[in-house]
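Asker: Got a predicted structure here, sequence first:
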Amino acid sequence: MGAPQAVALPQQQAAQQPAAATRELVKVYGSGEAAVRALDGVSVQFGRAQFTAIMGASGSGKSTLMHCMAGLDSATSGQVWVGTTELTRLRDAQLTRVRRDQIGFVFQAYNLLPQLTAEENILLPLQLAGRRPDATLFNHLIEVLGLRSRLKHRPSQLSGGQQQRVAVARALVSQPAVVFADEPTGNLDSRSGAEVLSFLRRSVRELQQTVVMVTHDPVAASYADRVVLLADGRLAGEIHQPTQDSVVDALRGLGA
Ligand SMILES: Nc1ncnc2c1ncn2[C@@H]1O[C@H](COP(=O)(O)OP(=O)(O)OP(=O)(O)O)[C@@H](O)[C@H]1O
């Protein structure tokens, strides 16, 4: 089956297909009495070159949705696409390749390899994929992220904000179809957090990157083009061009 919103005209197809999508996605953890329906039929699309925040109360299914969409967790039923690839049909080895080639990750805990320099960390995923970095993009990223003088440093020699900027460069340098960011500012002070969010936003505007971010923070969400709200594993609304106030109001409405 094709991706949702596939249209008849081939030349329009690529432009109109979402960067990532789910259809009737269900995830049940455990079984019998202990079963938890973490996702209960989620159908959602993430447009290309859009910055989307996923929000909702603790336990509403945000991380589960992101993990299923990024191929880090398997769905119980339903479908997930990244670009035109249906992840829910793939075997493990194919899924690993899609994750490596088409998906970028930014985690709350940075997840850099401590024995490698910043530069080596940034280039590792491309190296593992046997791809050469685009030198212009690499230079652009380290310039904008202010990492030029830090490239030979190891993570332990960098501040949290610098480590997260290295993680952002690592996610973007391979030009993935989607960057998934899981609470990317959760460990940062507000100034470092604002720098990372501003950069994610710039990557959407200037590099046409697609970014999907899970966050609890209305300030972080206000950097996004759109907020998708979850409650009890279901879509519970969305906000376009969110502001801090509109996000706070919407969360209050959900009882989050
Ligand atoms: N590995 C697991 N085994 C069993 N239940 C799980 C597992 N992972 C998540 N859950 C349950 O699934 C539901 C959704 O969890 P999830 O982590 O996706 O929520 P969340 O919105 O990301 O929460 P938080 O904001 O607290 O991180 C919760 O009830 C959680 O307890």
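Answerer: That came through, no problem.

Asker: give me the beta-bridge partners of the closest residue to residue 238 other than its chain neighbours?
Answerer: Here the nearest residue to residue 238 in space, its sequence neighbours aside, is residue 228; by CB to CB, 6 or more residues apart in numbering that works out to 5.1 Å. The way it works is simple: take the backbone N, C-alpha and C, and place the C-beta from them, glycine included. Applying DSSP bridges to residue 228 gives these bridge partners: residue 54, residue 238.

Asker: what's near enough to touch the spatially most central residue of the chain?
Answerer: Closest residue to the average C-alpha location of the chain: residue 180 at 1.2 Å, with CA atoms, centre = their mean. Contacts for residue 180 (CB atoms under 8 Å, 6 or more residues apart in numbering) come out as 66, 69-70, 103-106, 212-213.

Asker: That one: helix or strand, and which one exactly?
Answerer: Residue 180 is part of strand 178-182, with elements assigned from DSSP states H and E.

Asker: Sketch out the low-pLDDT regions of this protein for me.
Answerer: By pLDDT under 70, the weakly predicted segments of the chain are 1-16.

Asker: where do the helices sit along it?
Answerer: Secondary structure of the chain, counting by DSSP state H: helices at 10-16, 62-69, 92-102, 118-128, 135-144, 160-172, 190-207, 218-221, 244-254.

Asker: so which of the ones you listed is the most packed in?
Answerer: Compared across these, helix 160-172 shows the largest average neighbour count, a mean of 24 (mean count of other CB atoms under 10 Å).

Asker: What are the contacting residues of it?
Answerer: Contacts for helix 160-172 (CB under 8 Å, 6+ apart): 104-107, 110-112, 118, 121-125, 137, 141-142, 145-147, 150, 155, 158, 179, 181, 184-185, 187-189, 191-193, 195-196, 199-200, 203, 207, 209.

Asker: I'd like the helices of the chain as JSON lines, with distance to the ligand appended.
Answerer: Putting the helices of the chain into JSON lines (distance: least, CB to the nearest ligand atom, whole Å) gives the following:
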{"stretch": "helix 10-16", "distance to the ligand": "30"}
{"stretch": "helix 62-69", "distance to the ligand": "3"}
{"stretch": "helix 92-102", "distance to the ligand": "18"}
{"stretch": "helix 118-128", "distance to the ligand": "25"}
{"stretch": "helix 135-144", "distance to the ligand": "29"}
{"stretch": "helix 160-172", "distance to the ligand": "18"}
{"stretch": "helix 190-207", "distance to the ligand": "17"}
{"stretch": "helix 218-221", "distance to the ligand": "13"}
{"stretch": "helix 244-254", "distance to the ligand": "12"}
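
Asker: Which among those is found nearest to residue 22?
Answerer: Nearest to residue 22, of all these, is helix 62-69, at 6.4 Å by CB to CB.

Asker: just checking, residue 18 touches residue 46?
Answerer: Yes. Contact criterion CB atoms under 8 Å: residue 18 and residue 46 qualify, at 5.6 Å.

Asker: These two - which one has more neighbours?
Answerer: The neighbour count for residue 18 versus residue 46, taken as other CB atoms under 10 Å, is higher for residue 46 (24 against 20).

Asker: Okay, the more buried one and residue 134: tell me how far apart.
Answerer: 24 Å (CB to CB, to the nearest Å).

Asker: The closest residue to residue 154 other than its chain neighbours and the ligand, how far apart?
Answerer: Excluding its sequence neighbours, the residue lying closest to residue 154 (CB to CB, 6+ apart) is residue 117, at 5.8 Å. Applying CB to the nearest ligand atom, to the nearest Å, the value for residue 117 to the ligand is 32 Å.

Asker: list the contacts for residue 117?
Answerer: Counting by CB under 8 Å, 6+ apart, residue 117 touches 151-154.

Asker: How about residue 63?
Answerer: 182, 214.

Asker: Looking at the helices of the chain, spot the one closest to residue 25.
Answerer: helix 62-69 (6.2 Å).

Asker: Let's see that closest one as CSV, backbone CA atoms only.
Answerer: Extracted C-alpha coordinates of helix 62-69, given in CSV (Å, rounded to 0.1, in the frame of the first residue of the first chain):
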residue,chain,number,x,y,z
LYS,A,62,4.5,10.9,23.2
SER,A,63,7.7,8.8,23.5
THR,A,64,6.0,5.7,22.2
LEU,A,65,4.8,7.5,19.1
MET,A,66,8.2,8.9,18.4
HIS,A,67,9.9,5.5,19.0
CYS,A,68,7.5,3.7,16.7
MET,A,69,7.9,6.3,14.0
